[in-house]
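Participant: turn this into a structure:
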Amino acid sequence: MPAKIFTLFTTSFMILALCGCTDTRRGGGGDDDDGANCPDLSGEWVMVEHCSDPLVGAEYTVTQTGCSLNFEGPAVEEVWEASITADGVFTSTVVINFDDEDDETELMHCNGTGSEVEISFICDNDEACSGRLERPSSF
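Facilitator: Next comes the predicted model:
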């Protein structure tokens, strides 16, 4: 009888240990685009460096579903869509208007890195444009 209890206890412990490895804050287990292994970038961000000086200091709100990100904030004409991978590779596409006085917009494709405290990127447009966002509590 003690061997059966020991086996039952060991099996139960192993199941609990395996279930405990899932981080439900980021979408659960798996390696797909469900967000299980992606850094949590949701929340408030501040642009601390950017090729367009008026955007330095701009505040952005990021919503995250799995590994997909949506940014809302100044100069974003439509939706700033992005993604982050488990190893921190950041890619995005944004329709942006650098000058509120005209209706001219520009489509930009950006690549970089991201973590839970910093996002750095460089975008391709007429000239390379780099930027860096940090959490407000980071500075």
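
Participant: how about the strands in this structure?
Facilitator: Using DSSP state E, the strands found in the chain span residues 43-50, 59-65, 68-72, 80-84, 89-96, 106-114, 118-124, 129-134.

Participant: what pairs with the nearest residue to S130 once chain neighbours are set aside across the strands?
Facilitator: Once flanking residues are discounted, S130 sits nearest to I122: 4.4 Å by CB to CB, 6 or more residues apart in numbering. Every residue, glycine included, has its C-beta placed from N, CA and C. Following DSSP bridges, I122 is listed with bridge partners N111, S130.

Participant: let me know the pLDDT of I122.
Facilitator: Here, the pLDDT recorded for I122 equals 95.

Participant: before we move on, what about N125?
Facilitator: Per-residue confidence (pLDDT) for N125: 73.

Participant: the closest residue to it other than its chain neighbours: what's it in contact with?
Facilitator: Excluding its sequence neighbours, the residue lying closest to N125 (CB to CB, 6+ apart) is M108, at 5.1 Å. By CB atoms under 8 Å, 6 or more residues apart in numbering, the contact set of M108 is 93-96, 123-125, 129.
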